[in-house]
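J.: 3D, please:
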Amino acid sequence: MLTESVTTDIVVVGGGLAGVCAAIGAARQGSRVALIQNRPVLGGNSSSEVRVWVCGATAHGIHLFARETGIMGELYVENQFRNPDGNPYYWDLLLLEKVRAEPGIELFLNTDVTEVEADGPEDARVIRSVTGWMSGSERRITVTGASVIDCSGDGLVGHLAGAEVMRGSEPREQFQESWAPEQAGEDMLGSTILFYTKDVGHPQKFVAPPFAIDIAQTAIPQNRVIRQTMSGCDFWWIEWGGHLDVVHDNERIRDELQAVCYGLWDHIKNSGQYDADTLSLEWVGAVPGKREYRRFVGDHVLTQHDVLGQTEFEDRVAFGGWSIDLHPVGGVYASEKGSRHWHPDGNYHIPLRSLFSHNVSNLWMAGRDISASHVAFGSTRVMATCAILGEAAGIGAAVAGRLEVSPRDLAADHVPELHRAMVRADASLLGVVDDDPANLALGAAVSASSSKTVLGSTRSIGRFTLDHDLALVLPVDPELGVVEILVDAAEGTELHVELHSVGRPQNYLPAARERSVVVPVPQGRSWARADLGWEPGEAQNAVVVLRRNPQLEVHQADRVEPGTVTMRHRDLPADEATPEQWRYWKETLHGHGICFRATSPTRVFDPEQAVGGYARPYGGPAMWVSADAAEDPQPWLQLDWPAAQEITTVDLVLDDDVNEDLINLHHHRTPDDTMPTLVHTARVEARVDGQWQEIARMEENRERHRTFPLARPVRTDSVRVVVDEMNGAPTARIVSLRVYGD
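T.: Coordinates of the predicted model:
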């Protein structure tokens, strides 16, 4: 059999979301990429073959302003527009389109990598090539590249190259993790197969196969929630095989999981306990969705302490936010809950040093095989986090190749260059400023037609009883003085108000009480006036807590102010065994808020917020917001230089409302196809010889990140973006305005 040879810059093995984002991220940096996938479709566990919804740092709305940006963000937002019903085949198509849109990517589907050529000493091995078999085409293909990114999930490439790996659970003493077992073990999270149902509108029968599990003879009906309305990922707990070798025993695990699926469906259809007469079985998976296998050892092993302590890594390249989510080894048959969770107080950072092997010098990894302990992996393993790790590895490999340095040297000596490339790509970073000297906007004076200077939402659309504590998150710069809350009182009473700081710029939970006031409230309707008088010294978020008082009703507002959110305090479940891990605060009034007025003027939305600084909420919303359209019907944001500049590219980052928890297969459905906070129509103008000239135009926009390469260089002393129309928001919003020359 002849072997075909392919030479490229970067080899990405694995076409799940980590691999897709790694390949696209590297290609957009100018690298040539070979993307090798052993299945006929892209997407891995999110694809139509497995159909797991894509979860990430929002943790289904637990964390605020936490949705991923970059390539994963593009996928979320575009899928929201074109796939309102969560069709898994449309999701496949979107991934394929995104990969095919990059001319630097050569895609190899149905290609199983089974051979790796590597050499060198055990502590400094080098991968020379990978070889795969393309099923159906009978082609043996060897791919050579300077860097290899293992996004295979199972970590086969790194394993064959001799990379040091971890499997199972590390002992508690190794990393001093309280959730690690006393003794090391080989147990892992199990695999899952899902099934979908459909109401066909007429009676349907189901004859169970003889191998179906009789779940009435198991503890499943007692220990798991089963409803006839459940479908797809509602059955995430159909999990098994964690006590086995999930790769070696993959077929045995598949058979058991399918037997459970058919047994569950037989129970729903034929037990007489459910109203399922017209329901039909629409789809059953044939490919187990794996959760865990090998994890490679990098220069840093991410641990429970990094996740819960939100370690501030200098070489941060991604963030996570899903809880530490560990499952019982018995899976679907376990008597324990299907999962247990420990949430950090907010999003945490993941370092570059966890994305490359410590003993294979050109091996990168992204996805569920990164350098993390079993406990930390319980959080990093979810697919949106895997995706942004892929983009980070792809950009990292491309930048390292351009600089001709190793991954280790990149982490040690070239993090600023990497960060600048990632910021320019709008990758998912927390707390990294835009300080790129190539960005000419950093040397310009910034102005705007208007800015939002007061926070407040005063139009009531209803009211609700203050029977639980409420928390109003407000951005503060430079101070928070008087805050007024619209309330109705059945009789004269008091409102207890507290002001809390949040501890970290990416957090939105009360951390330390800074102020406490008692506000007298007369009978009837009034604005309860709390004088908080807080000047924190630097821009940051505050949480104003309204303590429970059933004699009061709080008014619901018709809209939510930018950078704000309302949360409700939840009671601890009576049977909660781990109260220290319980998240007491949960967002409520989503898309709305409470009626309030913050009387102190704010600098939070000044035009300077859109140049330099952060490209996502961090210690505040980090964007320019205009006054309402009634006051400023044609808002603009402008850059002025003291001397003329020659520009070739204008780059815009727009507000796609990263507090909106999007999802690919619609575990829940966000009503807007296009985020209302995005600019719909705008024009970019440059002042040339004293006259404004249009140099770029944006119409019918539904994207967050827009780059406008100019047909020819323009010499100008001023550039402005004029917003003609939003997608529904009453104010114009721009997160970042960047301008580049050659």
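J.: Just the buried positions in stretch 490-502, please.
T.: For stretch 490-502, the neighbour count (16 or more other Cβ atoms under 10 Å) marks T493, L495, V497, E498, L499, H500, S501, V502 as buried. For the C-beta atoms, the positions are set from N, CA and C on the backbone; glycine is no exception.
J.: Report the distance from it to the chain centre.
T.: 34 Å (Cα atoms, centre = their mean, to the nearest Å).
J.: looking at this structure, which helix or strand is least sure?
T.: Scoring the helices and strands of the chain by mean pLDDT, DSSP states H and E places strand 585-588 at the bottom, with a mean of 85.
J.: who touches that strand?
T.: 61-62, 64, 470-471, 509-510, 565-570 (Cβ atoms under 8 Å, 6 or more residues apart in numbering).
J.: Recalculate using a threshold of 10 Å.
T.: 61-64, 464, 468-471, 473, 508-510, 543, 545, 556, 565-570, 594, 659, 661 (Cβ atoms under 10 Å, 6 or more residues apart in numbering).
J.: Can you flag the buried ones in these?
T.: Buried by 16+ other Cβ under 10 Å: 62-64, 468-471, 473, 508-510, 543, 545, 556, 565-569, 594, 659, 661, out of the contacts of strand 585-588.
J.: quick one on the thing from earlier: and of the buried residues of stretch 490-502, the nearest to F313?
T.: V502 (19.9 Å; Cβ to Cβ).
J.: Next, the contact list for that closest one, please.
T.: 345-346, 473, 508-512, 540-543, 619.
J.: Could you pick out which of those are located in strands?
T.: V473, A512, Q540, N541, A542, V543 (DSSP state E).
J.: And the residues you listed, which two are furthest apart?
T.: V473 and A512 (14.9 Å).
J.: The helix or strand following the least confident helix or strand of the chain packs against which elements?
T.: In the C-terminal direction, the helix or strand that comes right after strand 585-588 (DSSP states H and E) is strand 593-594. On a contact count with 3 or more Cβ pairs under 10 Å, 6 or more residues apart in numbering; DSSP states H and E, strand 593-594 meets strand 460-466, strand 470-476, strand 480-489, strand 549-557, strand 565-569.
J.: quick one: the fourth one to strand 480-489, angle?
T.: Looking back up the chat, that one is strand 549-557. Interaxial angle, strand 549-557 versus strand 480-489 (axes from the mean of the first three to the mean of the last three Cα atoms, to 10 degrees): 110 degrees.
J.: what is the orientation angle of strand 549-557 with strand 470-476?
T.: 50 degrees.
J.: quick one: strand 549-557 to chain centroid distance?
T.: The answer for strand 549-557 is 33 Å, by Cα atoms, centre = their mean.
J.: just the longest one next, same as before
T.: If you compare the mean C-alpha spot of strand 480-489 with that of the full chain, they lie 34 Å apart, counting by Cα atoms, centre = their mean.
J.: who does it pair up with?
T.: strand 524-534 (antiparallel), strand 549-557 (antiparallel), strand 596-598 (antiparallel) (DSSP bridges).
J.: which one of those strands is the most hemmed in?
T.: strand 596-598 (a mean of 22; mean count of other Cβ atoms under 10 Å).
J.: Next SSE downstream of that one?
T.: Assignment by DSSP H and E places the next element after strand 596-598 at strand 624-625.
J.: residues in contact with that following strand?
T.: So strand 624-625 is in contact with 446, 448, 450-453, 561-563, 604-611, 635, 637, 655, 677, 721, 729, 731-737, going by Cβ under 10 Å, 6+ apart.
J.: which among those residues end up buried?
T.: Those of the contacts of strand 624-625 that meet the buried threshold are 446, 448, 450-452, 561-563, 604-607, 609-611, 635, 637, 655, 677, 721, 729, 731-737, by 16+ other Cβ under 10 Å.
J.: any idea how far A425 is from I395?
T.: Distance of A425 to I395, given as Cβ to Cβ, to the nearest Å: 6 Å.
J.: tell me, what's touching those two both at once?
T.: With contacts taken as Cβ under 10 Å, 6+ apart, the residues that reach both A425 and I395 are I24, G25, R28, Q29, G70, I71.
J.: Pop out the phi and psi values for the third one.
T.: Phi and psi for R28, reported as degrees, to the nearest 10, are phi -70, psi -10.
J.: What separation is there between it and L75?
T.: Per Cβ to Cβ, R28 is found 14 Å from L75.
J.: And those two? Which one has more around it.
T.: L75 (26 against 20; other Cβ atoms under 10 Å).
J.: Just confirm that one is within a strand.
T.: No: counting by DSSP: H, G, I helix; E, B strand; the rest coil, one finds L75 to be helix, located in no strand.
J.: so how many other residues sit close to the closest residue to it other than its chain neighbours?
T.: Using Cβ to Cβ, 6 or more residues apart in numbering and skipping residues adjacent in sequence, the residue nearest L75 is L94, 6.4 Å away. Using other Cβ under 10 Å, L94 has 19 neighbouring residues.
J.: looking at it, L94 is touching E78, isn't it?
T.: Yes: L94 is within contact range of E78, at 6.2 Å (criterion: Cβ atoms under 10 Å).
J.: what's the spacing between stretch 615-633 and its chain's center?
T.: That offset, for stretch 615-633, works out to 22 Å (Cα atoms, centre = their mean).
J.: Between the two ends of that stretch, what distance do you get?
T.: Chord length of stretch 615-633, first to last residue, is 25 Å (Cα to Cα, to the nearest Å).
J.: Check stretch 61-69 too.
T.: By Cα to Cα, one end of stretch 61-69 lies 16 Å from the other end.
J.: Format the helices and strands packed on strand 593-594 as CSV; extra columns: distance to L17 and mean pLDDT.
T.: Below are the helices and strands packed on strand 593-594 laid out as CSV (distance: least, Cβ to Cβ, whole Å; pLDDT from 0 to 100):
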stretch, distance to L17, mean pLDDT
strand 460-466, 39, 96
strand 470-476, 30, 97
strand 480-489, 40, 98
strand 549-557, 37, 97
strand 565-569, 27, 95
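J.: Comparing A425 and I395, which residue is more hemmed in?
T.: I395 (28 against 22).
J.: Work out for me the element the residue nearest to the more buried one when sequence neighbours are not counted sits within.
T.: Closest residue to I395 apart from its sequence neighbours, by Cβ to Cβ, 6+ apart: G25 at 4.7 Å. Using DSSP H and E, G25 falls within helix 17-27.
J.: Work out the gap between the very next helix or strand once past that helix and the centre of the chain.
T.: As assigned by DSSP H and E, the chain's next helix or strand after helix 17-27 is strand 33-36. When C-alpha coordinates are averaged (Cα atoms, centre = their mean), strand 33-36 and its chain have centres 24 Å apart.
J.: Fine, thanks again, bye for now.
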